[in-house]
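Trainee: Model the following, please.
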Amino acid sequence: MFGALLLAGCERRVAPPVAPPPEVVTLTVAPEKVVLTTELPGRTSPFLIAEIRPQVNGLIQKRLFTEGSDVTAGQALYQIDPAPFLAVFDNARAMLTRAEANLPAVRSRTKRALELLAAKAVSQQEGDDATAALKQAEAEIQGWKATVETARINLGYTKITAPIAGRIGKSSVTDGAIVTAYQPVVLATIQQLDPIYVDVPQSTADLLRLQRRLADGRLTRDGNGQNVVQLILEDGTKYPLDGTLQFRDISVDPSTATVTLRMVFPNPNGVLLPGMFVRTVVKEGVNDKAILIPQQAVMRDPKGNPMALIVNAAGTVEPRMLTLDRAIGDKWLVNSGLAPGERVIVEGLLKARPGTPVKTVPLETTPAPAR
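Mentor: Next comes the predicted model:
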């Protein structure tokens, strides 16, 4: 009787329900066109710079500019006492006039001496002496002309002018100061700030990597705006005007293993000042078949290597080791490890186990703005 009751109880026992597979959100990998950029720090430097030094010795009579103002090319900056140079100039002109006044008489004597020599009325020596005297008088005139020109140049140097247009800094001398020609101490410095240079160091390793990608066809040059550069100021704001990549230096700095990139930016409002620290956004090229996945889809194994979980054709979870290039916004650019059409798990990673089946739900995405 007891056995019959036990058998009846076993017959009423129901098998436990099978748990449904966990639900995960997946993204189907699809290649897309991405403009790759790199952000490099740099510093601004003047487009043109001129250090003002005197070219003659003398006394500064007057400073003719306002410190910190904009000056034009040819504008007078300092006036050196011109009196001694004017005296030298006047003396040289007087000596030139004297030499020119003697020339007609010497020329006439030479002409008569040559006529008498032809008539054998004077000796050959007297004829040669007359010819030499004429040449000497003409050479003396040329010498005094050069002296007059030198005196005129030195007199002009007493007014120190701006060789370039730009903004002039503080003056190192005041009225009444004694200056010497080509002295080591500059009187003032003029810097042209519009446009302005930005010099950026780029490591040779990055340069070689970029060249290798271009050679392998993973990157292509975009002819439209390839040399256009953007600028980020020290406070993190974007500079409103784009610049142009002018050239890449051909020499490597052995102390830093970098080459210098020089960019030119318009600076009409004077926002950029020499020596300012900035960051530049430089276009490397275009990857026509870039694979981007959300950053939350990437995990790390115990050794720190990046990996992702995908759902294979059988509907089960499969781990994939990845090679990442860089972060672009909130996504990773994947170099290798994923193929177009594969489904990467983006949400529900904690519920997914390698080798177990899962239920997939496609991720709803909106197109990212072009970079």
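
Trainee: Am I right that Thr38 is in contact with Leu261?
Mentor: No. If you go by C-beta atoms under 8 Å, Thr38 and Leu261 don't touch, sitting 10.3 Å apart. Where you see a C-beta, it was placed from the backbone N, CA and C, and this is true even at glycine.

Trainee: and those two? which has more neighbours close in?
Mentor: The residue with more neighbours, out of Thr38 and Leu261, is Leu261; 21 against 14, by other C-beta atoms under 10 Å.

Trainee: Which helix or strand contains that one?
Mentor: Here Leu261, judged by DSSP states H and E, is contained in strand 258-265.

Trainee: model confidence over that strand, on average?
Mentor: If you average the pLDDT over strand 258-265, you get 88.

Trainee: just stretch 236-244 next, same as before
Mentor: Stretch 236-244 comes out at a mean pLDDT of 90.

Trainee: one step back: elements contacting the strand holding Leu261?
Mentor: Applying 3 or more C-beta pairs under 8 Å, 6 or more residues apart in numbering; DSSP states H and E, we find strand 258-265 packed against strand 32-52, strand 188-203, helix 204-216, strand 228-232, strand 243-248, strand 277-294.

Trainee: please redo it, this time with the cut-off set to 7 Å
Mentor: strand 188-203, helix 204-216, strand 243-248 (3 or more C-beta pairs under 7 Å, 6 or more residues apart in numbering; DSSP states H and E).

Trainee: Throw the ones you listed into TSV and include distance to Leu64, thanks.
Mentor: Below are these laid out as TSV (distance: least, C-beta to C-beta, whole Å):
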stretch	distance to Leu64
strand 188-203	11
helix 204-216	48
strand 243-248	35
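
Trainee: Kindly reformat these as CSV containing mean neighbour count and distance to Gln55.
Mentor: Conversion of those to CSV gives the following (neighbours: other C-beta atoms under 10 Å; distance: least, C-beta to C-beta, whole Å):
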stretch, mean neighbour count, distance to Gln55
strand 188-203, 20, 15
helix 204-216, 13, 43
strand 243-248, 15, 32
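
Trainee: which of the residues in the helix or strand containing Ala94 are buried?
Mentor: Ala94 is located in helix 83-118, with elements delineated by DSSP H and E. Going by neighbour count (16 or more other C-beta atoms under 10 Å), the buried part of helix 83-118 is 84-85, 88-89, 92-93, 95-96, 99, 106, 110, 113, 117.

Trainee: Show me what it is packed against.
Mentor: By 3+ C-beta pairs under 7 Å, 6+ apart, helix 83-118 packs against helix 124-157.
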